[in-house]
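Visitor: Just need the structure, nothing else, for what follows:
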Amino acid sequence: MKNIFKLIFLFILLSGVKELSAQTGAVITHTMKVYGNCEMCKKRIEEAAKGKGVKQAVWDIDNKLLTLTYDTLLTRIEKVHARIAEAGHDTELKKAKDDVYAALPECCLYRKNEAEPRADHPAASGGMIKGVVLEEDLKGNFRPLPGASITWLGTKQGTMTDSAGVFKLTMNGNTDRLVISYAGYRPDTMAAQPSEELKIILASNQQLGEVKLTARQRSTYLSSLNTIRTQVMTERELFKAACCNLSESFETNPSVDVSYNDAVTGSKQIQLLGLSGNYTQLTVENLPGPRGIATSLGLNSIAGPWVESIQLNKGVGAVANGYESIAGQINIELKKPGKAEKLYANLYVNDMGKTDLNLNLAYKAGKKWSTALLLHDDFIYNKKLDFNKDGFRDLPTGNLFSVLNRWLFENGKGFMTQFGVKLLLDDRTGGETAFEPSRDKFTTNHYGLGIRTRRYEAFAKTGYVFPRKKYKSIGLQLMAFNHRQDSYFGLNPYTAEQGSFYANLIYQSIIGNTRHKFRTGMSLVSDQYRETFRTAYYKRQEAVPGAFFEYTFNPTAKLGLVAGIRSDHNNLFGWFITPRLHLRYEPVKGTTIRLSAGRGQRTANIFAENTSVLVSSRQISILSSSAGKAYGLDPEVAWNKGISADQQFRLFHREATFSVDFFRNDFNNQVVVDMEDARTVKFYNLEGRSFSNSLQAEFSMEPVRKLDLRLAYRFFDVRTNYSGQLRQKPFTAKHRAFANLAYEISGWKMDYTVSYNGSKRIPGTSANPSVYQRDTRSPAYWLMNAQVSKTVGKKHPVDLYLGGENLTNFFQRDVIIAAEQPFSPFFDVSLVWGPVSGRLIYAGLRYKIK
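Guide: As a prediction, this is how the structure comes out:
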């Protein structure tokens, strides 16, 4: 589909009719005492009171009085007392059971406040500050922010907002300045007076009736409250680069490397902790992302403008998300129907001839239903794109079209369901610049390749939160897809098909009180693979049912523990256990230390994960040990251990952070990809050791207002036993340095990123004739990217952006061995250690209707 915008959309408005009927008797108003603390208590009390015959129930937080309007023929006041007590709140007639009361959230435990002064006491009126902290979404709706920090400037006296965003704080005699901070926003100060009720809205440059507060949301941040260390990249971070697809979303992130798999297919892979992207679990809203056959082209299949945020955690993740994460997990949050802009359009063009078109549409169909339609189309037809003049196109030409339609239903009473479908159509042609498929396909006239991909997905997520016990919920995740690739590389055809089904049932609740939480459930992953390469045929069906249990312990705000275990049965490899542990400790305010350890297991897909093998003339050798299983190879198993320390402090009167982390990964078994012989590639089970060490330090600050500076250094030591010899992993730099500058002023945004990439080991080519031999080490090199954008308009803003990538114009010149003899046994496109093309200039615009 080359003409994407010829599609016709039709949204169907769903409506319902409710019929209400009731008998009425004597309707009276009654006032009763009910004990509680906060807005969350208010909601719980009022919901419990509103049973049969109750017309209205309003509870006042300050005087603890519940005002009821009810029909005396339909209910008795004693029943209302009983329902409220069952929900955990004492009334003037009935006391809640101790175990029910203890299960309430921490902010709702009202009995421990019985010794506090009365409402008419000076400390509770003139000496008390009350307020609520909210955030404003793209449509101007306000949402409470639980867990926001409110402290008096220069002191340790403070509090945190409850689940409804509400806080109370006693006046401080030494200052009238409050500091408000929340993960994802820059903290700032404001003046407060006794008896004021503050409404604090965290949004960019918003002026309030009562309070003026500037709180600029960070583009990327670490949550200090999560036990599992999670870095969140917001949409502002993604806008620092063009981000046409997921592979370009990490250009401003020092933790993740993105590189080309080979010199001609255009496919990319990420690298985390020095390990290839195969060892990083990629999920989309906690459902499986591109995996299996889709691994090589998966990063190109998710459009950047579809992404709302990216969550990155290094090391092992939670057991509820599966067993495959070894190096880490990347979760992609897409635009939500209820929160996304009504219309979002993006146009991108670059000087290579590539064009991207994106259109996102969102619509609310009544109070309970909402839907979104996300469209993406990119195409390039420049057949003469050849920076290094080797006669091969640097990128394949063709067209990729994808569409996602999703629906969301929320009834406001705890039930939610969402479902959707996705379609991807991708057709690519590459190879020599003179290659014409109609004339040269499967001939030796000119070397060419063609990749035709069709992917169909459907997903559904259903959840229920118990209204009177918000800590208790149950959810079901379902997903199914079919992915088919028909391709050829020179004279070699390659076809692959994967059918997959995924189900995950999760139940979560507490043990006694909210300090002890747990998640448990069952999952099923079923994959069916069919592959044909050259004359070999590979087929397997892999079914993995499993169950998991995860316990979370938060005795104080300073300490958190998450311990999980899961047991799964693979029909090919049998039973296996996956334990994982995460620990968080905050010895002093602003200092967070985390530990993690756990096991991961995955099955390698050797062809899809190594596309350079398909393109090159190397002979393939699979040294199998498990006949009839996955290519005759064993599953990959590894143990990951990590420690990190994050320090927040003030520098130049603004927030700064310094982080350092170290992760160690040891493989019990690994499918080794051995390219040490220039004419062959061997796949075999690990014999000996394979490990990776990753050390990263990162510093971020705001030297002047609205100027963000981020610096990072990373060290890798990644080694594997290749045919009995322990060697450094090829194409992995030991040293990398990174700097990012971002500045905003008057609607202008400027971003500059520079990175240093150290020397990398290259597999030996001494077996080739001298003209086809290459150095065994790559040179170190610098890369620079920059972008400037301007926002025009307020009601319907338009972002105009202009940028450049690889501004130093550095690229690998002899990236293809024997490019002039592509059908010879020496032809090799796999030795890629740097950029395959030079400087790129792009421009575009974004248009939004909120």
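Visitor: Read off the pLDDT value for Lys850.
Guide: The model reports Lys850 with a pLDDT of 81.
Visitor: And Cys243, by the same measure?
Guide: Per the predicted model, pLDDT is 72 at Cys243.
Visitor: One more: Leu7?
Guide: For Leu7, the predicted pLDDT is 41.
Visitor: residue boundaries of the strands in the stretch 751-850 of the chain?
Guide: Listed in chain order, the strands found in the stretch 751-850 of the chain under DSSP state E, counting those that start in this stretch are 781-792, 798-805, 840-849.
Visitor: of the ones you listed, which approaches Phe811 most closely?
Guide: Nearest of the strands of the stretch 751-850 of the chain to Phe811, taken as C-beta to C-beta: strand 781-792 at 9.3 Å. Heads up, the C-betas are built off the backbone N, CA and C, glycines and all.
Visitor: Okay, buried residues for that closest one please.
Guide: Using 16 or more other C-beta atoms under 10 Å as the test for burial, strand 781-792 gives 781, 783-787, 789, 791.
Visitor: Ok, stretch 497-508 next?
Guide: Neighbour-count burial for stretch 497-508 flags 497-500, 502-504, 506, 508 (criterion: 16+ other C-beta under 10 Å).
Visitor: same thing with stretch 146-164?
Guide: Neighbour-count burial for stretch 146-164 [16+ other C-beta under 10 Å]: 146-152, 158, 160-164.
Visitor: Which members of these are positioned in strands?
Guide: Counting by DSSP state E, the buried residues of stretch 146-164 place 149-152, 158, 160 in strands.
Visitor: which among those gets closest to Thr72?
Guide: Of those, the one sitting nearest to Thr72 (C-beta to C-beta) turns out to be Met160, at 42.9 Å.
Visitor: Show the contacting residues for that closest one.
Guide: Contacts for Met160 (C-beta atoms under 8 Å, 6 or more residues apart in numbering) come out as 147-150, 167, 557.
Visitor: Next: Leu709.
Guide: Per C-beta under 8 Å, 6+ apart, neighbours of Leu709: 700-703, 739-741.
Visitor: Asn245 now?
Guide: Counting by C-beta under 8 Å, 6+ apart, Asn245 touches 299-304, 378.
Visitor: Okay, now the unreliable bits of the stretch 551-700 of the chain?
Guide: Across the stretch 551-700 of the chain, the ranges flagged by pLDDT under 70 are 625-628.
Visitor: Return the residue spatially closest to Thr520, with its sequence-adjacent residues excluded.
Guide: In space, and not counting its chain neighbours, Thr520 is closest to Phe549: 4.6 Å by C-beta to C-beta, 6 or more residues apart in numbering.
Visitor: before we move on, what about Lys42?
Guide: If the residues on either side of it in the chain are set aside, Lys42 comes closest to Trp59, at 5.1 Å by C-beta to C-beta, 6+ apart.
Visitor: what does Glu46 give?
Guide: Ala57 (4.8 Å).
Visitor: could you say which helix or strand contains the one you found?
Guide: strand 54-59 (DSSP states H and E).
Visitor: same deal with Ile84?
Guide: helix 77-86.
Visitor: buried ones in that helix?
Guide: Judged by neighbour count using 16+ other C-beta under 10 Å, the buried positions of helix 77-86 are 79-85.
Visitor: my read: His516 touches Tyr551, true?
Guide: Yes: between His516 and Tyr551 there is a contact under C-beta atoms under 8 Å: 7.5 Å.
Visitor: Output the lowest mean pLDDT helix or strand found in the protein.
Guide: The weakest-scoring helix or strand in the chain, judged by mean pLDDT, DSSP states H and E, is strand 188-191 (a mean of 67).
Visitor: thinking again about what came up before, report the contact partners of the residue nearest to Thr520.
Guide: 319, 518-520, 564-566.
Visitor: got a winner among those residues for most neighbours?
Guide: Most neighbours among the contacts of Phe549, by other C-beta atoms under 10 Å: Val319, with 28 neighbours.
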